[in-house]
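A.B. asks: No sequence on hand, only this structure:
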C-alpha cells in the first residue's frame, strides 16, 4: 500500500530522500504494526502503459492509518488528491479471487523508496 506518491525522482532534490525516510520511520514508530479491514475490490488506473488498470483491495481508513498518512502527506505529489487506501493485487481479472477476498491485511513494515533505492523497516514490535 502506498501512503503517498512523492513525484518523479528528477523533480526532487536528492537530500529529500533522507527527510522522507525520517518521516516514514516516525510514522511506523507511532503506529506500530496494524491491520486494515478490506471493504472490497475496485479497478483502478487509467488504462495507459504508465498507469494500467489493476485490481486493488480497498481498505477502511483506520485511525492508525490516518496517523501514518499525516506524517508523510506533505510529500504527496499525486494527481489524485483524495486518499483512497488500497493495495494493488495485479492486472484486472474478474475471476482471480473467485469472490473470496481477505477480511483484513496486516502491515508490519514501512518502506521509503526513491527510484532503485529502498529503506525498509520492521514496525512489528
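C.D. replies: Looks like it arrived, so ask away. These numbers come from a predicted model, not from an experiment.
A.B. asks: Bridging across strands, which residues link to residue 118?
C.D. replies: Beta-bridge partners recorded for residue 118 (DSSP bridges): residue 113.
A.B. asks: Give me the pLDDT for it.
C.D. replies: Looking at residue 118, its pLDDT is 89.
A.B. asks: What is the burial count for it?
C.D. replies: Residue 118 has 9 neighbouring residues, counting by other C-beta atoms under 10 Å. Just so you know, the C-beta spots here come from the backbone N, C-alpha and C atoms, and that holds for glycine as well.
A.B. asks: Roughly how far does residue 125 sit from residue 111?
C.D. replies: 16 Å (C-beta to C-beta, to the nearest Å).
A.B. asks: Now the nearest residue to residue 53 once chain neighbours are set aside, what are its backbone angles?
C.D. replies: With sequence-adjacent residues excluded and distances taken as C-beta to C-beta, 6 or more residues apart in numbering, residue 53 is closest to residue 45, at 4.1 Å. Main-chain torsions, residue 45, degrees, to the nearest 10: phi 120, psi 170.
A.B. asks: what separates residue 45 from residue 125, distance-wise?
C.D. replies: Counting by C-beta to C-beta, the gap from residue 45 to residue 125 is 35 Å.
A.B. asks: So between the two, which is more surrounded?
C.D. replies: For residue 45 versus residue 125, the count of surrounding residues by other C-beta under 10 Å is larger for residue 45: 15 against 8.
A.B. asks: before we move on, the earlier item: quick one: the residue nearest to residue 53 and residue 86 touch, right?
C.D. replies: No: Residue 45 is beyond contact range of residue 86, at 11.1 Å (criterion: C-beta atoms under 8 Å).
A.B. asks: which helices and strands does the strand ranked longest in the chain pack with?
C.D. replies: Determined from DSSP state E, the single longest strand within the chain is strand 34-44. Judged by 3 or more C-beta pairs under 8 Å, 6 or more residues apart in numbering; DSSP states H and E, strand 34-44 is in contact with strand 54-59, helix 63-72, strand 86-91, strand 104-107.
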